[in-house]
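# My questions are about this predicted structure, shown below with the sequence.
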Amino acid sequence: MKRSVSIAALLAALFLGTLGFCTGQGSDVANAQEKPPSMEVKVDNFSFGPATLTVPVGTTVTWTNRDDIPHTVVSTDDSKTFKSKVLDTDEKFSFTFSRAGIYPYFCSVHPKMTGKVIVQ
Ligand SMILES: [Cu+2]
């Protein structure tokens, strides 16, 4: 009788331990999902910095115009994925990349200004 009680206690401890392990893993995943990745690109001195940015799928990229001249951020891929308005100094434009691919872009005011976002 005494033995079967201690086996039950052991099984209960094992069960709770397993449960705790699973719960711990679950909360790690939840924490990762609470913070969507984001990256910044600075627009300054007639250039995008960094000119090439590599990000995971789902990343929101925000361009900020730090120049004292207006610029735009316009994708040059076939589907014209994103297109900002003309950004004055300190204005921002954000786009969330939900598909993998290479997204070249340029400033439509100064077409020599180019950059690209690689989403993987
Ligand atoms: Cu420009």
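Structure received. Note that this is a predicted model, so its numbers are computed, not measured. Residues are numbered from 1 along each chain as shown.

# Please list the residues of this protein that sit near the ion.
71, 107, 109, 110, 113 (Cβ under 5 Å from the ion). Heads up, the C-betas are built off the backbone N, CA and C, glycines and all.

# Next, give me the two most distant ones among these.
The most widely separated members of these, counting by Cβ to Cβ, are 109 and 113 (8.1 Å).

# Next, show the common contact partners of those two.
Shared contacts of residue 109 and residue 113, defined by Cβ atoms under 8 Å, 6 or more residues apart in numbering, are found at residue 71.

# okay, the two: which has more neighbours?
For the pair residue 109 and residue 113, the greater number of neighbours falls to residue 113 (20 against 14), based on other Cβ atoms under 10 Å.

# Look up phi and psi at the nearest residue to the more buried one once chain neighbours are set aside.
Excluding its sequence neighbours, the residue lying closest to residue 113 (Cβ to Cβ, 6 or more residues apart in numbering) is residue 107, at 3.9 Å. Per-residue torsions, residue 107: phi -100, psi 120 (degrees, to the nearest 10).
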